[in-house]
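Student: Attaching a predicted model along with its sequence, questions to come.
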Amino acid sequence: MSRAFFNEMYETNGSCRPHYQEFARWLANTPLELLEQRRREADLLFHRAGITFTLYGDKQDTERLIPFDIIPRSIRASEWRMVERGCIQRVHALNLFLQDIYHDQRILKAGIIPPEQVLANEGYQIAMQGLGLHRGLYAHIAGVDLVRDGDGSYFVLEDNLRTPSGVSYMLEDRKMMMRLFPELFTAQRIAPIDHYPNLLLDTLKSASPLDNPTAVLLTPGRFNSAYFEHAFLAREMGIELVEGADLFIRDEHVYMRTTAGPQQVDVIYRRLDDDYLDPLSFNPDSMLGVPGLISVYRAGNVVLANAVGTGVADDKSIYPFVDDMIRFYLGEEPVLNNVPTWQCRKPAELSHVLAHLPELVVKETQGSGGYGMLVGPAATSAQIEDFRARIKARPHAYIAQPTLCLSTCPTFVDNGIAPRHIDLRPFVLSGSETRLVPGGLTRVALQEGSLVVNSSQGGGTKDTWVVED
């Protein structure tokens with residue numbers, strides 16, 4: 001992997017990349033004072049709309065705006081078609097992997113993946129063994145996190161198959177850009193994304209064998225960090241937003257309490273983790289789920305999207321094997337490659353990681369949101385030694401990767417316009433067909449030099465444009 005930073009907007013000789021030229025001309029003629037005014041306007045509008053994210057801290061939880069950057073990230077349409085093809089291929093292979101490990105386990109018998117890494121994984125759910133799902137689909141909604149190396153090549157950083165979030169910010173960022181800078185959308189052809197809620201609803205309905213199923217969105221409640229997104233998507237799709245207490249089981253079916261009486265529910269777009277879905281099957285202390293839900297699910301009388309047990313496929317200890325899954329199930333070479341990864345459970349790779357901690361990024365296999373992670377080049381000696389002790393105590397719980405040279409994009413910061421590191425999360429919907437809206441959620445590390453883009457760690461977002469070549 002190259003060690004240089006790929007600049008999304010400018011060539012190495014300083015010239016503007018063709019798909020950014022129209023925007024660059026506009027930016028050169030726009031005073032910074034106007035950009036600052038528009039940014040304040042965007043913050044005010046987001047605040048009024050309640051577009052916030054809960055930041056969990058040691059002492060208290062804080063509601064805050066996710067910083068929105070008004071300089072978009074632009075992708076050539078021809079380049080996007082390659083990304084789209086790679087995301088579809090990857091999610092297809094992951095769905096086949098999930099179908100396999102809960103049934104014939106061919107990939108384990110072939111020795112491609114050590115059985116203990118799957119069967120002993122925290123995300124593997126015994127209750128799913130032998131259970132047939134409509135279309136054999138487990139991950140109906142997936143988010144694939146992509147980064148670009150110094151030469152512009154795309155790499156998959158991780159897969160999000162449990163309850164991927166962020167799509168509401170993608171949609172709201174676009175609405176905000178169109179409101180603040182409508183002239184930009186008449187000057188060039190930018191692929192639309194506003195049809196995503198319709199695609200999502202179609203995906204949910206196609207997950208059921210019924211002709212006209214009733215779908216709901218199950219949320220943990222308003223104290224959840226992504227509650228805005230839950231309410232936003234339910235509203236945009238025209239379906240009910242429910243909490244566990246709104247649902248009950250009768251005669252092996254799920255019903256929703258309404259003012260007109262009980263209504264049968266056929267599809268649940270669940271935005272809470274497996275452990276909290278049903279206190280009779282998982283965490284007995286859960287007050288968020290529906291007692292008896294898994295019994296109805298196993299009987300085939302309700303669909304859960306995503307399926308129970310998908311978490312094993314996006315576990316970071318399984319990530320190194322996705323390229324092999326693509327070859328095994330599809331007989332194809334990966335369109336999008338993995339980042340080189342060392343598995344600390346392997347003695348030789350553990351020795352390498354311990355010897356090179358200051359150079360590497362170390363992640364907990366069960367971690368997410370930027371938590372439980374060491375960025376070696378940015379860490380203190382004390383932090384490195386703390387992680388060294390953690391890894392030695394539980395080597396199976398960690399992987400390591402080279403410190404990535406995430407691409408940069410011009411970003412409007414306090415002292416003007418400066419490059420900041422970004423990634424990209426396209427959202428993949430799998431139903432009767434597999435579809436993406438053009439682009440995805442671009443996340444940006446707002447702190448100078450930072451490579452951590454997660455909103456939980458202070459990252460922001462950008463509108464993502466797919467522009468005709």
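Tutor: Yep, that arrived.

Student: which stretches of the stretch 101-250 of the chain form helices?
Tutor: Using DSSP state H, counting those that start in this stretch, the helices found in the stretch 101-250 of the chain span residues 106-109, 115-119, 167-180, 182-187, 196-206, 227-237.

Student: Give me the domain ranges for the protein.
Tutor: Annotated domains of the chain cover 18-213+302-334+405-467, 340-402 [the TED database].

Student: Point out the most buried one among the ones you listed.
Tutor: domain 18-213+302-334+405-467 (a mean of 18; mean count of other Cβ atoms under 10 Å). Using the backbone N, CA and C atoms, a C-beta is placed for each residue, glycine as well.

Student: that older thread, could you dump the domains of the chain to TSV with distance to residue 271 and mean pLDDT?
Tutor: Listed next are those as TSV, based on distance: least, Cβ to Cβ, whole Å; pLDDT from 0 to 100:
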stretch	distance to residue 271	mean pLDDT
domain 18-213+302-334+405-467	5	94
domain 340-402	14	92
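
Student: Against residue 188, how distant is the residue nearest the centre of the chain?
Tutor: When Cα atoms, centre = their mean is applied to the chain, the residue found nearest the centroid is residue 143 (3.6 Å). Distance of residue 143 to residue 188, computed by Cβ to Cβ, to the nearest Å: 27 Å.

Student: again, but for residue 126
Tutor: For residue 126, the distance to residue 188 - Cβ to Cβ - is 53 Å.

Student: same thing with residue 281?
Tutor: From residue 281 to residue 188 the distance is 52 Å (Cβ to Cβ).

Student: Next: residue 169.
Tutor: Counting by Cβ to Cβ - residue 169 and residue 188 are separated by 23 Å.

Student: ditto for residue 266
Tutor: From residue 266 to residue 188 the distance is 42 Å (Cβ to Cβ).

Student: Next: residue 386.
Tutor: For residue 386 relative to residue 188 (Cβ to Cβ), the value is 49 Å.

Student: next one: residue 416
Tutor: Residue 416 is 24 Å from residue 188, by Cβ to Cβ.

Student: Kindly report the same for residue 66.
Tutor: Counting by Cβ to Cβ, the gap from residue 66 to residue 188 is 26 Å.

Student: now do residue 32
Tutor: 23 Å.

Student: Which residues does stretch 399-406 contact?
Tutor: 1-6, 147-150, 155, 157, 316-317, 319-320, 339-344, 349, 353, 359-363, 365, 375-377, 421-423, 445, 451, 453 (Cβ atoms under 8 Å, 6 or more residues apart in numbering).

Student: sorry, back to before: so who does the residue nearest to the centre of the chain touch?
Tutor: By Cβ under 8 Å, 6+ apart, the residues touching residue 143 are 159-160, 164-167, 425-428, 440-441.

Student: same deal with residue 257?
Tutor: So residue 257 contacts 246-248 (Cβ under 8 Å, 6+ apart).

Student: Tell me the most packed of those residues, by neighbour count.
Tutor: residue 247 (22 neighbours; other Cβ atoms under 10 Å).

Student: Wait, that one touches residue 263, no?
Tutor: No. Using Cβ atoms under 8 Å, residue 247 is not in contact with residue 263; the gap is 10.2 Å.

Student: Pull up the overlap in contacts between these two.
Tutor: Joint contacts of residue 247 and residue 263 (Cβ under 8 Å, 6+ apart) are 255-256.

Student: follow-up on the earlier one: across the sheet, point out what pairs with the residue nearest to the centre of the chain.
Tutor: Bridge pairing for residue 143 (DSSP bridges) gives the partners residue 160, residue 427.

Student: In three-state terms, label the residue lying closest to residue 8 once chain neighbours are set aside for me.
Tutor: Leaving aside its sequence neighbours, residue 8 sits nearest to residue 409 (Cβ to Cβ, 6 or more residues apart in numbering; 4.4 Å). Under DSSP: H, G, I helix; E, B strand; the rest coil, residue 409 falls in the strand class.

Student: I'd say residue 409 and residue 444 touch.
Tutor: Yes. Counting by Cβ under 8 Å, residue 409 touches residue 444, with 7.0 Å between them.
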